[in-house]
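Asker: Turn this into a model:
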Amino acid sequence: MAIVRSFNHFEGAKNALELIDEEIKVVPGIRKKFLIKPNFVSSYAHLAVTPVETVEATLSYIHSKFNVSEVIVAETPTVGSISSAIKNFGYEKLRGKYKVDFVDLEDYDYERFVLRDEHGNDFEVYISKLLLDKGFVRASICRAKTHDYTVVTLSLKNYVVGAIKKGWRHEIHRGYLTINYAIAKLATYLVPDLGVVDGVIGMEGNGPISGQAKKWGAVFASTNLVNLDAVVSYAMGFNPGDVGYLYFLAKWGYGEIDLNRVRIVGENIDNVKTSFKPHSIYKEQLSWRKNLDKISKLK
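Answerer: Numbers count the residues shown, from 1 in each chain. From the prediction side, this is the model:
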């Protein structure tokens, strides 16, 4: 995975992708279709969303490297609409520069998944069939942010929770153990091929919407999103093992939270390591560890 120091969203993301060029080249296989999932959690809060320049850098990279037949940017904001997000965040300009379509996930079909909470109760969520479609090379592009339930929200959470049908996302909020396990479980079906985390300006404090700007100047990219999010969470000043969904996915063999086992190219991680102010209920968020004795009820 790659780390780049940059205070320019476009250049930082483009350079990070170039550093892992050889890894990305083997990802598409015979696929010529690309799907990009940005984070439009709110159609109105600029700091809460993926900077348009970061997505543009990804578009520029894939169009220059691959024989692309189709590229779509797919999202459904939790607050507001995708049309207002495209307008408010400057994404409209990308239509004139690249071969890309913007789609609302709500316009596509969903698949029912049954999960279980830490009390042994079944519940259901509906997952976007479009984001499940492995016919696309799937990329999760997001801003580095803290979170009110899971310590951080990075590339995996952006893709997985964003895949849940609007109106059903609250269902996974059934305790700190449940939400982390549910994200990890769904990720085993949804894990994308590529991730970029933009930390040029992150969000700290009471994220994912109401936090404050954190000028950082670091951009990260990888074809393994567990590794990516583990490295970013460490660089933000957190213990990757305290992020429950990363803990579970690493335990299940989807990546590493032991950074000594992650190959990093570009900038040394200690040169970009900083300290993000955590959410005000950070200590409560770590309570999932105290409830691991309930793990059998989740299976």
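
Asker: What separation is there between N180 and A250?
Answerer: Counting by CB to CB, to the nearest Å, the gap from N180 to A250 is 12 Å. C-beta: built from backbone N, CA, C; applies to glycine.

Asker: Which of those two has more residues huddled nearby?
Answerer: For the pair N180 and A250, the greater number of neighbours falls to N180 (26 against 21), based on other CB atoms under 10 Å.

Asker: buried set for stretch 124-139?
Answerer: By neighbour count on 16 or more other CB atoms under 10 Å, the buried set for stretch 124-139 is 125-128, 130-132, 136-139.

Asker: Check stretch 11-27 too.
Answerer: For stretch 11-27, by 16+ other CB under 10 Å, it's 12-20, 23-24, 27.

Asker: Looking at those, which are in helices?
Answerer: 12-19, 23-24 (DSSP state H).

Asker: Let's have those in CSV, adding distance to H46 and pLDDT.
Answerer: Shown next, in CSV, are those (distance: CB to CB, whole Å; pLDDT from 0 to 100):
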residue, distance to H46, pLDDT
G12, 18, 98
A13, 17, 98
K14, 21, 98
N15, 23, 98
A16, 22, 98
L17, 23, 98
E18, 27, 98
L19, 28, 98
E23, 31, 96
I24, 29, 97
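
Asker: Distance check, the nearest residue to H9 once chain neighbours are set aside against A13.
Answerer: Nearest non-adjacent residue to H9, counting by CB to CB, 6 or more residues apart in numbering: E53, 3.6 Å away. Counting by CB to CB, the separation of E53 from A13 is 7 Å.

Asker: got it, and V79?
Answerer: Applying CB to CB, the value for V79 to A13 is 25 Å.

Asker: same thing with R261?
Answerer: Relative to A13, R261 is positioned 25 Å away (criterion: CB to CB).

Asker: what do you get for I164?
Answerer: On the measure of CB to CB, I164 and A13 end up 26 Å apart.

Asker: Mind jotting down where the helices sit in the stretch 1-150 of the chain?
Answerer: 9-19, 21-25, 52-65, 82-88, 93-97, 129-132 (DSSP state H, counting those that start in this stretch).

Asker: For A45, find the nearest of the ones you listed.
Answerer: helix 82-88 (9.4 Å; CB to CB).

Asker: ok, residues contacting that closest one?
Answerer: Residues outside helix 82-88 that contact it (CB atoms under 8 Å, 6 or more residues apart in numbering) are 40, 43-44, 46, 49, 75-77, 91-92, 102-104.

Asker: How far does that helix sit from its chain's centre?
Answerer: Its chain's average C-alpha position is 20 Å from that of helix 82-88, according to CA atoms, centre = their mean, to the nearest Å.

Asker: Equivalent analysis for stretch 1-17, please.
Answerer: Relative to its parent chain, stretch 1-17 has a centroid offset of 16 Å by CA atoms, centre = their mean.

Asker: same check, this time on stretch 81-90
Answerer: Between the centre of stretch 81-90 and the centre of its chain there are 19 Å (CA atoms, centre = their mean).

Asker: what mean pLDDT would you report for it?
Answerer: The pLDDT scores in stretch 81-90 average 95.

Asker: Go through that stretch and flag the buried ones.
Answerer: Residues 82, 85-86, 88-89 are the ones in stretch 81-90 that count as buried (16+ other CB under 10 Å).

Asker: Convert that stretch to CSV, retaining C-alpha atoms only.
Answerer: Only the C-alpha atoms of stretch 81-90 are listed here, as CSV (Å, rounded to 0.1, in the frame of the first residue of the first chain):
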residue,chain,number,x,y,z
SER,A,81,-30.1,13.5,-2.5
ILE,A,82,-27.3,12.5,-4.9
SER,A,83,-28.4,15.3,-7.3
SER,A,84,-27.9,17.9,-4.7
ALA,A,85,-24.6,16.4,-3.7
ILE,A,86,-23.3,16.4,-7.3
LYS,A,87,-24.3,20.1,-7.6
ASN,A,88,-23.1,21.2,-4.1
PHE,A,89,-19.7,19.5,-4.2
GLY,A,90,-18.7,20.3,-7.8
